[in-house]
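S.K.: return a 3D structure for these sequence lines:
(chains A, B, C and D)
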Number of protein chains: 2
Amino acid sequence: MATSTAHARTRPDAAGDRGARPPVTDRRLAVLLGYSLRRAQLRVFQDFAAAMADLGLTPGQVGALLLIESNRGLSQSELGAALGIDRSSVVPLIDRLQAMKLVRRVARASDRRTNALELTEVGEAAVRRMLPVLERHERRIAARLSPAERRTLMDLLDRVAVAQDAEE
Amino acid sequence: MATSTAHARTRPDAAGDRGARPPVTDRRLAVLLGYSLRRAQLRVFQDFAAAMADLGLTPGQVGALLLIESNRGLSQSELGAALGIDRSSVVPLIDRLQAMKLVRRVARASDRRTNALELTEVGEAAVRRMLPVLERHERRIAARLSPAERRTLMDLLDRVAVAQDAEE
DNA sequence: TCAAACTGTTTGACTATCAAACAATTCGGC
DNA sequence: GCCGAATTGTTTGATAGTCAAACAGTTTGA
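M.R.: Numbers count the residues shown, from 1 in each chain, chains lettered A, B, ... in the order given. Predicted coordinates:
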């Protein structure tokens, strides 16, 4: 057999027993903004995904549907840019939505390379059904915040999100 | 060939041309806390990942190293719980860190099922080298926030992160 | 006119994750 | 003490999401 150092175990050691057990965390991690950010984002995403799963949609599909409704006729590349994913990843996403009869690829006379994306009737109905679900989601997320705190949080987050592009 | 409705295109349509181009977004999405949260988290994560890549480590590996140092002798299952990943996902993570000589699996005399995880000398040195990088990362992230705003943001995020378990 | 750029697509790879099953080991109730 | 139930690390297989590179068809621009 190969000298599998893969999961090698050092010889037994009575110490390191960790008998008493303070909760497993790390001070230096817990003090980072990114740490709180990650936990909050995880919780929000899970709530969002669960809410949308009730409608038979994934978060990515919801984003695509809303963007297509607000920007009727946009191309797949534009959609990808807005979603922050590669245009090659847009293909199976739209394939799926099209199979569900929610979205149409419309050939455009003025530029035969691109597909103009549009919602079908069913797709528009799905968006309408989606809106109250989004509102309830938002209310759950902000349940422990006052309206003013909610605004403050969004403002601070948006400032964090600004890349250091135009720096100095 | 199968009637591939996969990427079917509806017949050409001169309209839907989207000639003038307001930026591609959606009002209903941009108004959600989760939207700002996601953007901020994305930016922070990218900065974090880039900073750690300079040390030859992934974010997950950094988390594991810090947790192991702060909780010497913890088991793989405990580490997985602290990181929020399945214990079967811990295996390749530790495999990798062990191959890099940063972590040891120590057999424990008191319970021969578990591996007690410990940093090696090299691992401790890596953690020491990591700390100033973490500090610089945090300073970049909070660059546009006053110290008070930074505290406020963490507080609000932590309140959002609290699950709705004990509700109503 | 024609090279360069862009579009949607296909293919292949990679990462991260979980679920289920397994043997070894420990625990708990009796 | 005994023995079924629970736990640990591991393996294997599946899924999802992503990108990079290459392609043919199309448009643009010099």
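S.K.: need the contact partners of the lowest-mean-pLDDT helix or strand in chain A.
M.R.: In chain A, no helix or strand scores lower on mean pLDDT, DSSP states H and E than strand A:10-13, which sits at a mean of 77. Contacts to strand A:10-13, defined as C-beta atoms under 8 Å, 6 or more residues apart in numbering or on different chains, come from residues B:104-109, B:112, B:116. Every C-beta, even on glycine, is put in place using the N, C-alpha and C of the backbone.
S.K.: tell me the strands beside that strand, with direction?
M.R.: Strand pairing for strand A:10-13, using DSSP bridges, gives strand B:103-108 (parallel).
S.K.: got the angle for the following helix or strand past the strand it pairs with vs strand B:103-108?
M.R.: Later in the chain than strand B:103-108, the nearest helix or strand by DSSP states H and E is strand B:111-119. With axes from the mean of the first three to the mean of the last three C-alpha atoms, to 10 degrees defining the directions, strand B:111-119 sits at 150 degrees from strand B:103-108.
S.K.: for strand B:111-119, buried residues please.
M.R.: Going by neighbour count (16 or more other C-beta atoms under 10 Å in any protein chain shown), the buried part of strand B:111-119 is B:114-119.
S.K.: who in chain A is up against DNA strand C?
M.R.: Within chain A, the positions adjacent to DNA strand C are A:75-77, A:87-88, A:90-91, A:94, A:105, A:113-115 by C-beta under 7 Å from any atom of the strand.
S.K.: rerun at 6 Å
M.R.: Contacts of chain A with DNA strand C, taken as C-beta under 6 Å from any atom of the strand, map to A:75-77, A:87-88, A:91, A:94, A:113-115.
S.K.: filter those residues down to the buried ones, PyMOL style.
M.R.: A single PyMOL command selects the buried members of the residues of chain A next to DNA strand C (16+ other C-beta under 10 Å):
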select buried, chain A and resi 75+76+94+114+115
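S.K.: can you narrow the residues of chain A next to DNA strand C to ones near DNA strand D?
M.R.: Okay, of those touching DNA strand D (C-beta under 6 Å from any atom of the strand), that's A:88, A:113.
S.K.: reformat the residues of chain A next to DNA strand C as CSV; add distance to chain B and pLDDT.
M.R.: Compiled in CSV, these are given as follows (distance: C-beta to the nearest C-beta, whole Å; pLDDT from 0 to 100):
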residue, distance to chain B, pLDDT
A:75, 8, 97
A:76, 10, 97
A:77, 10, 97
A:87, 13, 97
A:88, 13, 97
A:91, 7, 97
A:94, 8, 97
A:113, 12, 95
A:114, 10, 96
A:115, 6, 95
